[in-house]
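**Q** with the sequence up front, the predicted model follows.
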Amino acid sequence: MNSDTWAPAGRGVGVLLVALRALIALPGVLIRRATAAGRQRELAPGMRVRIRATPADVELVSDQGTLIGQDELGYWRVWLDRPARVRTTRGWQEVPVICEAPEQLVVLPGRPAEPRDG
């Protein structure tokens, strides 16, 4: 077997492995997209939510709040039960409303609160 016949076969196996990895990963990608889309559809103003995580410059006093509405980028405005502390160039400031990505929100069981204007 010379190198001229072995090299194309070797590249073919590499391409096949890459394609096989992509096929194996595909169901997980589709499930994550469907879950995010489902979560997006189930959110509505007035719902009570828990915030999973926030950026390092935001300190939550309470990780729960009420959805106010969505902004033009698809983030949800959350009226917090207790104001968050946000680090700014002038130090820490308290803010009652923060914006969060839909995948960072968990809907809490129970009756929705009255929607707030914010």
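**A** That came through, no problem.
**Q** quick check: Ile24 is in a strand.
**A** No - counting by DSSP: H, G, I helix; E, B strand; the rest coil, Ile24 falls outside a strand, being helix.
**Q** pairing partners for the residue lying closest to Gln70 once chain neighbours are set aside in the sheet, please.
**A** On the basis of Cβ to Cβ, 6 or more residues apart in numbering, the spatially nearest residue to Gln70 that is not a chain neighbour turns out to be Trp76, at 5.6 Å. (Each C-beta comes from the backbone N, C-alpha and C, glycine too.) Beta bridges link Trp76 to Gln70, Glu100 when assigned by DSSP bridges.
**Q** test my guess that Trp76 contacts Glu103.
**A** No - assessed by Cβ atoms under 8 Å, Trp76 is found out of contact with Glu103, at 10.5 Å.
**Q** the two: who's more crowded?
**A** Set side by side, Trp76 and Glu103 show more neighbours around Trp76, with 24 against 13, by other Cβ atoms under 10 Å.
**Q** got a list of what the more buried one touches?
**A** Residues in contact with Trp76 (Cβ atoms under 8 Å, 6 or more residues apart in numbering) are Leu43, Val49, Leu67, Ile68, Gly69, Gln70, Cys99, Glu100, Ala101, Pro102, Leu105.
**Q** would you list every one of the helices in this protein?
**A** Secondary structure of the chain by DSSP state H: the helices cover 3-42.
**Q** understood, closing this out.
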